[in-house]
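Asker: Next one to model:
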Amino acid sequence: MVSTGDAAPTFTATVGTSDHEPFDLDDHIGDGPVVLAFFPGAFTPPCTNEMVALQERAAAFDDAGATLFGVSADSPFSQGAFREEHGIEFDLVSDTAADAIRAYGLEMDIADLGLYGIANRAVFVIDDDGEVVYDWVADDPTNEPDYDAVLDAVESA
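Answerer: Numbers count the residues shown, from 1 in each chain. Take a look at the predicted model:
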């Protein structure tokens, strides 16, 4: 599992819209802190709460020069609908192949819900040098991160 002090694994995926725009983490390293908020699935209550909470703090992340991304194994179409329904303005990244999820050591199954190869809830802050300067991984995927601690990490990056 990736932790503070590690080089952040870079990855490519798709931006979560119906336009299928490519996403490459390398394109964002060096432009201020990057926040990767991995979440299990769009439209589930804990994930909705987390993404809405991050959106409510988006201006503070922006003021700190950070770029915020939500990452899940959901399809780009699902993520686009999720963003629209909940007013999420930052980009969501569709990692349907779970390459980023595996690279960060977050792959999990919730068999009771029929979900396999999805992301555990986690947040990583990456600095301009591509180093992870903050990591948080949920003990239970229904838990949410300490949003103030994430913002503090961004402001210190």
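Asker: ok, the residue most central in space within the chain - contacts?
Answerer: Ranked by distance to the mean C-alpha position of the chain (Cα atoms, centre = their mean), the top residue is Ala37 at 2.3 Å. By Cβ atoms under 8 Å, 6 or more residues apart in numbering, Ala37 lies in contact with Glu50, Met51, Leu54, Leu68, Phe69, Gly70, Val71, Ala122, Val123, Pro145. Where you see a C-beta, it was placed from the backbone N, CA and C, and this is true even at glycine.
Asker: gap between the residue sitting furthest away from the middle of the chain and Gln55?
Answerer: Distance from the centre of the chain peaks at Asp112, with 23.5 Å (Cα atoms, centre = their mean). For Asp112, the distance to Gln55 equals 28 Å [Cβ to Cβ, to the nearest Å].
Asker: same question for the helix or strand hosting Leu36, mean pLDDT?
Answerer: Assessed by DSSP states H and E, Leu36 sits inside strand 34-38. Strand 34-38 shows a mean pLDDT of 98.
Asker: In the chain, mark out all the helices, start to finish.
Answerer: 45-56, 58-63, 76-86, 99-103, 147-156 (DSSP state H).
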